[in-house]
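S.K.: Sharing a sequence plus its predicted fold:
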Amino acid sequence: MAIFHLDIKPVARSSGRTATAAAAYRAGERLRDERTGALYNHSKRDDVLHKEIFLPSKVDQPDAGMGWARDRSTLWNTVEKAEQKSNSRVAREYQVALPEELSPEQRLVLARAFSREIADRYNVAVDLAIHAPRPEGDPRNFHAHLLATTREVTREGLGPKAGVDMSGEVRSELGLPPSRQEFRTLRARWAELANEALREANIGARIDHRTLAAQGIDREPRPRLPWAAVAAARRGERDEIADRIRERHGQPLQAKRAQAAGERHPLAPAPPRDMEERRLQAVQDWLQYRASRATPAPGHQNQAPRPLSMDEIRQRAVAAWRSLRARGVESQPAAAKRRERDASDDRREPEQARDMAGHGDDFSG
């Protein structure tokens, strides 16, 4: 049956990755990174069913001079040269599972529609590559890689960061939702597009981007296993890595079930049900804590004294200052030094004013 899978992840230099290597592998081509001189040759791949570069509709015109962005090598080398930091995100990948119930033509239409939406939504270039299942893998594993630039693509070249790669401050200034909400929106949109394609093909299968709990399914999510473990299981072999993953995955689930099955202590307060009850509960907990700090428990009179209030601190500071004034601690040498410093400032101020550049001065020479 059709399954939902949308994995959004960055291609970052901090993890040793490059946009040229990612593009060469996904498109099954031979690309050289002009920045590092490295050659990435994946031209022998035979599982790449389709590859295509999408540009924003507003610049995707024959007379727009966007030939550099339509060439895979030029595009991703331009991306690499535009980033100067050693930990820069050079690309953003959207990997989706294409419903195997659809025909090859219908899967292509679906992948192209999602690529077009990503390109127009963020004004970025999207390098689409559709892969067939590996011979030794799951025969239903049709999937697509959408490798997108992290910067806008314009007629003049690459622009500022775009989409989920914009900083939180920039997104806030533009009135955009946080990146986390943007991820949710993309997941919902992919599910909508895929279900529309299944509906138009008269196929009853549907996918759902929501969690199992949101769907009303009483089942815990299964752990993700590496492909080697899946292949070993299909051969009837036991894989130790898969066993350890299942064990680590099962421990928190067992603790969660035990906690859900346990009964609440009769003297324990009932957990608050809504935000208003939680707020009132937090206020009560804080008042109890303050009372416990102000009133020592019986038999503990020798504990550390309670903290001073702001009024007490202010009163003590005023009393200390008056005591210093009464004893004449403010000595004449200190006052003399202060007068000398003020006089020095007075002498220096006209000189600074004379040398300071005015707003109308011309420094072009």
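M.R.: The structure has been received and is ready for your questions. Residues are numbered from 1 along each chain as shown.
S.K.: the strands in the stretch 201-350 of the chain, which residues?
M.R.: According to DSSP state E, counting those that start in this stretch, the stretch 201-350 of the chain carries no segments that qualify as strands.
S.K.: got any ranges where it has weak pLDDT?
M.R.: Scanning the stretch 201-350 of the chain for pLDDT under 70 picks out 252-253, 255-273, 293-308, 324-325, 327-350.
S.K.: Recalculate using a threshold of 90.
M.R.: 210-350 (pLDDT under 90).
S.K.: what's the answer for the stretch 51-200 of the chain, then?
M.R.: Short version for the stretch 51-200 of the chain, where the test is pLDDT under 90: 61-64, 134-139, 168, 172-177.
S.K.: got the residue ranges for the strands in it?
M.R.: According to DSSP E, counting those that start in this stretch, the strands that the stretch 51-200 of the chain contains are 89-97, 126-131, 143-148, 151-154, 157-161.
S.K.: Surely residue 49 is within a strand?
M.R.: Yes - assessed by DSSP: H, G, I helix; E, B strand; the rest coil, residue 49 belongs to a strand.
S.K.: now it: how far from residue 119?
M.R.: 20 Å (Cβ to Cβ, to the nearest Å). (Glycine included, C-beta is placed from N, CA and C.)
S.K.: picking that back up, export the strands of the stretch 51-200 of the chain as CSV, with columns for mean neighbour count and distance to residue 230.
M.R.: Formatted as CSV, these follow (neighbours: other Cβ atoms under 10 Å; distance: least, Cβ to Cβ, whole Å):
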stretch, mean neighbour count, distance to residue 230
strand 89-97, 21, 15
strand 126-131, 24, 17
strand 143-148, 23, 15
strand 151-154, 22, 37
strand 157-161, 16, 37
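S.K.: who has more neighbours, residue 49 and residue 119?
M.R.: The neighbour count for residue 49 versus residue 119, taken as other Cβ atoms under 10 Å, is higher for residue 119 (24 against 17).
S.K.: That one against residue 56, yeah?
M.R.: Yes - look at residue 119 against residue 56 with Cβ atoms under 8 Å: they come within range, at 5.3 Å.
S.K.: what do those two both touch?
M.R.: Residues touching both residue 119 and residue 56 (Cβ atoms under 8 Å, 6 or more residues apart in numbering): residue 125.
S.K.: Spatially nearest residue to the residue sitting nearest the centre point of the chain (excluding sequence neighbours)?
M.R.: In the chain, the centroid-proximal residue (Cα atoms, centre = their mean) is residue 179; its distance is 6.1 Å. Excluding its sequence neighbours, the residue lying closest to residue 179 (Cβ to Cβ, 6 or more residues apart in numbering) is residue 164, at 4.7 Å.
S.K.: residues contacting the one you found?
M.R.: 8, 92, 179, 182-183.
S.K.: quick one: which of the residues you listed is nearest to residue 28?
M.R.: residue 92 (20.4 Å; Cβ to Cβ).
S.K.: Go ahead and confirm that closest one touches residue 17.
M.R.: No - under the criterion of Cβ under 8 Å, residue 92 makes no contact with residue 17, lying 11.9 Å away.
S.K.: Find residues that contact each of these two.
M.R.: residue 11.
S.K.: and the closest residue in space to residue 218 that isn't next to it in sequence, what does it touch?
M.R.: Closest residue in space to residue 218, ignoring its immediate chain neighbours: residue 212 at 8.0 Å, by Cβ to Cβ, 6+ apart. Under the criterion of Cβ under 8 Å, 6+ apart, the neighbours of residue 212 are 218-221.
S.K.: closest to residue 74 among those?
M.R.: Closest to residue 74, out of all of the contacts of residue 212 and judged by Cβ to Cβ, is residue 221, at 41.9 Å.
S.K.: That closest one and residue 210, how far apart?
M.R.: 12 Å.
S.K.: what about the two, which has more around it?
M.R.: Set residue 221 next to residue 210 and count neighbours by other Cβ under 10 Å: residue 210 wins out with 14 against 11.
S.K.: quick one: that one and residue 74, what's the gap?
M.R.: In terms of Cβ to Cβ, residue 210 sits 41 Å off from residue 74.
S.K.: Repeat that for residue 215.
M.R.: 45 Å.
S.K.: Which residue comes closest to residue 159 once chain neighbours are left out?
M.R.: Using Cβ to Cβ, 6+ apart, the nearest residue to residue 159 is residue 152, at 3.7 Å.
S.K.: which residues of the stretch 201-350 of the chain fall in helices?
M.R.: Here the stretch 201-350 of the chain has its helices, by DSSP state H, counting those that start in this stretch, at 227-234, 240-261, 275-294, 310-327, 332-355.
S.K.: now for the fourth one, which elements pack on it?
M.R.: Just to be clear, that refers to helix 310-327. Of the remaining helices and strands, none touches helix 310-327 by 3 or more Cβ pairs under 8 Å, 6 or more residues apart in numbering; DSSP states H and E.
S.K.: Equivalent analysis for the shortest one, please.
M.R.: Applying 3+ Cβ pairs under 8 Å, 6+ apart, one finds that helix 227-234 makes contact with helix 240-261.
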